[in-house]
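> here's my sequence, what's the structure:
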Amino acid sequence: MNLDAAVLRFAGVVVLVSALLSITVHPYWIGLTIFAGLNMLQASFTGFCPAAMIFKKLGVKPGNAFR
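Here you go, the predicted model:
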């Protein structure tokens, strides 16, 4: 698995889990979904992705998007 796949999988899990929590636990969990979406949007413009930085430090091999 490369960095691109790891970041996209992580973002997908965060969105799905927070949506599920907003339905089953409390509606305010939708804020985490909004945060994840905004983070993905800003990363598409700036190339800065905190999750990518963490995955790099964990030794995930580089991909093409987050260098």
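> mind giving me the packing neighbours of the helix or strand where residue 6 lies?
When secondary structure is defined by DSSP states H and E, residue 6 falls within helix 3-24. Applying 3 or more CB pairs under 8 Å, 6 or more residues apart in numbering; DSSP states H and E, we find helix 3-24 packed against helix 30-46, helix 50-57. No exception for glycine: its C-beta is placed from N, CA and C like everyone else's.
> buried ones in that helix, by neighbour count?
By neighbour count on 16 or more other CB atoms under 10 Å, the buried set for helix 3-24 is 3, 4, 6, 7, 10, 11, 14, 15, 18, 21, 22.
> which pLDDT value goes with the second one?
Confidence per residue is given as pLDDT, and for residue 4 that number is 91.
> how about the fourth one?
Residue-level confidence at residue 7 comes out at 93, pLDDT.
> equivalent analysis for the one 5 residues further on, please.
The pLDDT attached to residue 12 in the predicted structure is 96.
> from residue 1, how far out is it?
Look at residue 12 and residue 1: by CB to CB, to the nearest Å, they are 13 Å apart.
> neighbouring contacts of stretch 21-29?
Outside stretch 21-29, the residues that touch it by CB atoms under 8 Å, 6 or more residues apart in numbering are 18, 19, 30, 32, 33.
> pLDDT and distance to residue 54 added to these, as TSV?
TSV is the format used below for the contacts of stretch 21-29 (pLDDT from 0 to 100; distance: CB to CB, whole Å):
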residue	pLDDT	distance to residue 54
18	97	18
19	95	22
30	96	24
32	97	17
33	95	20
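> which pair of those residues spans the longest distance?
Every pair in the contacts of stretch 21-29 was compared (CB to CB); the two farthest apart turn out to be 19 and 32, at 8.8 Å.
> mind listing what the residue most central in space within the chain touches?
Residue closest to the mean C-alpha point of the chain, counted by CA atoms, centre = their mean, is residue 11 at 2.8 Å. Each residue near residue 11 by CB under 8 Å, 6+ apart is listed here: 36, 39, 40, 51.
> this completes my enquiry, with thanks.
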